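# only geometry, no sequence info:
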């Protein structure tokens, strides 16, 4: 089985990759379309040149790999994806060969976290409308997409991950609740900029507190993202 986990940035996505990566039966891959996305858009992200050099820039080559054999013959392959990477020109037909899961988080938390690392995020940067577009596409062909909220995982990691595994047909493993401190060998080269908190972790952080206050200049982004989040939240596990 191949599991494609779709989220925007700053959304517990790396911790989820570490959780699946802690299983002995699961390979993982970290944002395989990132270099292609930067090459196609010309966007100036932190560590741009290093990212471009570290991955294939041809999205068709990436898609072919994702639909191919699982690495080191592992029964499961967890693919961490960013929804905003799936721009025009990036193939989507390979998505029919994977189990598509959508990881959501309240946009106030996403915006506050993202802005601390890269100033003034736009709606396109944080992936909410793209997530709904991909969800609708998977649902349209009968792909039975699954939605899980990062808030619920933080509230009850064991319960929610066991529920997710049961839903997608993966045996539950308590190994998913902890991982070694210091990162994963399959982290992307951008990890040094983005993954500081999860590098210092050995498991999921505790429940989230109150929603952060989003500054006035980013309120339009928050208000634009909220309807997309609420649509996905209505069908979460």
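Yes, it's here. Only a predicted model underlies this, so the values are computations on that prediction, with no experimental measurement involved.
# got the buried residues for the strand or helix carrying residue 136?
Assessed by DSSP states H and E, residue 136 sits inside helix 128-140. In terms of neighbour count (16 or more other Cβ atoms under 10 Å), helix 128-140 has its buried residues at 128-132, 134-135, 138. C-beta here means a position set from N, CA and C on the backbone, and glycine is covered the same way.
# same check, this time on stretch 27-46
Buried residues in stretch 27-46 (16+ other Cβ under 10 Å): 27-40, 45.
# what's the average pLDDT for that stretch?
Stretch 27-46 carries an average pLDDT of 96.
# do me a favour and get the end-to-end distance for that stretch?
Across its full length, stretch 27-46 reaches 26 Å between end residues, using Cα to Cα, to the nearest Å.
# again, but for stretch 175-190
Rule used - Cα to Cα; the end-to-end distance of stretch 175-190 is 26 Å.
# before we move on, what about stretch 9-26?
Terminal-residue distance, stretch 9-26 (Cα to Cα): 23 Å.
# which parts of that stretch are buried?
Buried residues in stretch 9-26 (16+ other Cβ under 10 Å): 9-23, 26.
# do a quick rundown of the strands in this structure.
2-7, 26-30, 76-82, 99-104, 146-149 (DSSP state E).
# could those strands be laid out in TSV, adding distance to residue 117?
Formatted as TSV, the strands of the chain follow (distance: least, Cβ to Cβ, whole Å):
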stretch	distance to residue 117
strand 2-7	16
strand 26-30	17
strand 76-82	14
strand 99-104	18
strand 146-149	22
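# figure out which of those strands is closest to residue 219.
Evaluated with Cβ to Cβ, the strands of the chain place strand 99-104 nearest to residue 219, the distance being 20.1 Å.
# report the contact partners of the nearest residue to residue 45 once chain neighbours are set aside.
The shortest distance from residue 45 to any residue other than its chain neighbours is 6.1 Å, reached at residue 38 (Cβ to Cβ, 6 or more residues apart in numbering). By Cβ atoms under 8 Å, 6 or more residues apart in numbering, the contact set of residue 38 is 45, 48, 51-52.
# of all those, which comes closest to residue 206?
Closest to residue 206, out of all of the contacts of residue 38 and judged by Cβ to Cβ, is residue 45, at 30.1 Å.
# thinking that closest one is in contact with residue 118, fair?
Yes. Under the criterion of Cβ atoms under 8 Å, residue 45 makes contact with residue 118 at 7.4 Å.
# quick one: list the elements packing against the helix holding residue 136.
strand 2-7, strand 99-104, helix 219-233 (3 or more Cβ pairs under 8 Å, 6 or more residues apart in numbering; DSSP states H and E).
# tell me the mean pLDDT over the second one?
Taken as a whole, strand 99-104 has a mean pLDDT of 98.
# do a quick rundown of the helices in this structure.
13-21, 34-41, 48-54, 59-66, 107-117, 123-126, 128-140, 150-155, 157-168, 191-194, 196-199, 219-233 (DSSP state H).
# which residues sit against the last one?
With contact meaning Cβ under 8 Å, 6+ apart, helix 219-233 is reached by 102, 104-108, 110-111, 121-123, 126, 128-129, 131-132, 135, 147, 149, 214.
# likewise for stretch 155-171?
Stretch 155-171 is contacted from outside by 1, 3, 19, 76, 99, 101, 146, 148, 152-153, 172-174, 176-177, 203-204, 207-208, 237, using Cβ under 8 Å, 6+ apart.
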